[in-house]
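*Asks:* Sequence first, then the predicted structure, then my questions.
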Protein chains: 2
Amino acid sequence: MDKIAPRSGTAFELRAGQKLKVIDPEGEQVADLYAFNSANHNEYLSSGRSLDYNESLTFKTGSKLYSNQSNEMFEIIEDTVEDHDFLLTPCSKATFRHFYPDEEPVPGCHGNLVSAFAEYGIPEHLINTTFNTFMNVAVDENGDLSVLPPKSKAGDYTVFEAKMDMVVGLTACSAGESNNFSYKPICYEIIEA
Amino acid sequence: MDKIAPRSGTAFELRAGQKLKVIDPEGEQVADLYAFNSANHNEYLSSGRSLDYNESLTFKTGSKLYSNQSNEMFEIIEDTVEDHDFLLTPCSKATFRHFYPDEEPVPGCHGNLVSAFAEYGIPEHLINTTFNTFMNVAVDENGDLSVLPPKSKAGDYTVFEAKMDMVVGLTACSAGESNNFSYKPICYEIIEA
């Protein structure tokens, strides 16, 4: 099992059939997930396509995540939380300036993904809306969004089965509002097919 | 005033300060809107950043639409409908195969935007989730999404003020579910600053 330090991120290769287990070791932490087709970095995870085919904002066991080319990238095959967000872009220096103007801005999940994907030659502008594992975003009757503490408890996890060979990025979230201002680590494990 | 024929799309330049009036001339039609920074096509309209800063799924007079670099691209300054969608990607051959398997797939708004933006040298893979003007997507208490007939009546319109120089793409929607199977035209007007 690998550990992602608080407010950092990583990238790694995941082959079709392998499973990625994302674990919240201490509870109330968020892991932003993003992915590219290894063979073509212009094919990447798409919130809009996934919401369209999922016909729901709710992702849980059995849900699939699609690429911008409408191909399956992941299927959620186990999930002890079933409360995630696929609406919001990862926090960045700009979002920190917007939401936390009194804090020194940190790279955030976006900046951490930029650094991690750069090692695979993938440029910043291809990183879009991430699948924000364990992130709890409520929608009220007016459509207004509230970021609430994650429902994940220590040891909770989600398992994603890879449907293509991918470069995957994963973070331990940097934005206080997303993780109830706890800034904890995230663990992950690659399970062979 | 320009007219976009049913099931087609166009692209044009819009300068900072100009206003784009998108009009539903017959009612119950959807216009997918997308935009790139004229000076840097790697900066483009971002659903995820806009939802984040808007803190709502609801866009109306006063709402701003942001780029992936967190810069303002548009502000809605007049809006007789105030019911739009910024969750779903534009329909494409692949979405037609998924949702309408008995129909011969058409290029859809995605394909029409690909053709329109190609004239500006912008590649397909940079076209993400569009701002779907007049598209009525309901979210129920489980987070499930339903595409309903637009609330727009004949002559309804939304005015977007440009905040940077852009290449803008706009369509008259091709997907039956989005426009109550009416496949009507869309009109637009560029109003000088």
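*Replies:* Nice, thanks for sending it over.

*Asks:* Show me where chain A has its strands.
*Replies:* With strands called from DSSP state E, chain A shows them at A:2-4, A:9-14, A:19-24, A:31-37, A:40-44, A:64-66, A:72-79, A:131-133, A:136-139, A:145-148, A:156-162, A:166-171, A:186-191.

*Asks:* what is the orientation angle of the second one with strand A:31-37?
*Replies:* Computed by axes from the mean of the first three to the mean of the last three C-alpha atoms, to 10 degrees, the angle separating strand A:9-14 from strand A:31-37 equals 40 degrees.

*Asks:* List the neighbouring strands of strand A:9-14 plus their orientation.
*Replies:* With DSSP bridges as the test, strand A:9-14 is paired with strand A:166-171 (antiparallel).

*Asks:* Give me the contacts around the strand it pairs with.
*Replies:* Applying C-beta atoms under 8 Å, 6 or more residues apart in numbering or on different chains, the set of residues contacting strand A:166-171 from outside is A:4, A:8-14, A:20, A:22, A:31-38, A:41, A:73, A:90, A:109, A:112-113, A:116-117, A:120, A:122, A:127, A:162, A:186, A:188. Where C-beta positions appear, they are placed from N, C-alpha and C, glycine not excepted.

*Asks:* Now the strands of chain A in TSV, please, with extra columns for mean neighbour count and distance to A:Glu55.
*Replies:* Shown next, in TSV, are the strands of chain A (neighbours: other C-beta atoms under 10 Å in any protein chain shown; distance: least, C-beta to C-beta, whole Å):
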stretch	mean neighbour count	distance to A:Glu55
strand A:2-4	16	32
strand A:9-14	20	26
strand A:19-24	22	24
strand A:31-37	26	21
strand A:40-44	17	21
strand A:64-66	21	11
strand A:72-79	19	15
strand A:131-133	29	17
strand A:136-139	18	15
strand A:145-148	17	19
strand A:156-162	22	20
strand A:166-171	26	24
strand A:186-191	18	28
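
*Asks:* Using TSV, lay out these together with mean pLDDT.
*Replies:* Listed next are the strands of chain A as TSV, based on pLDDT from 0 to 100:
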stretch	mean pLDDT
strand A:2-4	97
strand A:9-14	98
strand A:19-24	98
strand A:31-37	98
strand A:40-44	98
strand A:64-66	98
strand A:72-79	98
strand A:131-133	98
strand A:136-139	96
strand A:145-148	96
strand A:156-162	98
strand A:166-171	98
strand A:186-191	98
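
*Asks:* Please name the residues that touch A:Ser178.
*Replies:* Shown in contact with A:Ser178 (C-beta under 8 Å, 6+ apart): A:Val30, A:Cys91, A:Asn132, A:Met135, A:Val147, A:Pro150.

*Asks:* Model confidence score at it, please.
*Replies:* pLDDT, A:Ser178: 83.

*Asks:* And the nearest residue in space to it that is not next to it in sequence, how far from chain B?
*Replies:* Spatial nearest neighbour of A:Ser178, chain neighbours left out: A:Val30 (4.6 Å); criterion: C-beta to C-beta, 6 or more residues apart in numbering or on different chains. Distance, A:Val30 to chain B, by C-beta to the nearest C-beta, to the nearest Å: 14 Å.

*Asks:* Please list the residues of chain A that sit near chain B.
*Replies:* Neighbours of chain B within chain A, by C-beta under 8 Å from any C-beta of the partner chain: A:42-44, A:46-49, A:51-53, A:55-58, A:68-70, A:87-89, A:92, A:94-95, A:98, A:123, A:125-126, A:128-129, A:139, A:142-146.

*Asks:* Looking at those residues, which are in helices?
*Replies:* A:Ser47, A:Gly48, A:Arg49, A:Leu51, A:Asp52, A:Tyr53, A:Ala94, A:Thr95, A:His98 (DSSP state H).

*Asks:* hmm, which two among those are most spread apart?
*Replies:* Longest distance between any two of those is 30.7 Å, between A:Tyr53 and A:His98; criterion C-beta to C-beta.

*Asks:* okay but A:His110 is in contact with A:Leu88, surely?
*Replies:* No - checked against C-beta atoms under 8 Å, the pair A:His110 and A:Leu88 is beyond contact range at 10.9 Å.

*Asks:* Mind naming the longest helix for chain A?
*Replies:* helix A:108-118.

*Asks:* Now stretch A:123-133: buried residues?
*Replies:* Burial within stretch A:123-133, assessed by neighbour count using 16 or more other C-beta atoms under 10 Å in any protein chain shown, is assigned to A:Glu124, A:Leu126, A:Ile127, A:Asn128, A:Thr129, A:Thr130, A:Phe131, A:Asn132, A:Thr133.

*Asks:* Among those, which one sits closest to A:Gly62?
*Replies:* Closest to A:Gly62, out of all of the buried residues of stretch A:123-133 and judged by C-beta to C-beta, is A:Phe131, at 15.0 Å.

*Asks:* Quick one: residues contacting the closest one.
*Replies:* Counted by C-beta under 8 Å, 6+ apart, A:Phe131 has contacts A:Asp32, A:Leu33, A:Tyr34, A:Leu45, A:Ser47, A:Ser50, A:Phe59, A:Leu65, A:Phe74, A:His84, A:Asp85, A:Phe86.

*Asks:* who's the closest residue to it other than its chain neighbours bridged to?
*Replies:* Closest residue to A:Phe131 apart from its sequence neighbours, by C-beta to C-beta, 6+ apart: A:Leu33 at 4.4 Å. Beta bridges link A:Leu33 to A:Phe131, A:Leu170, judged by DSSP bridges.
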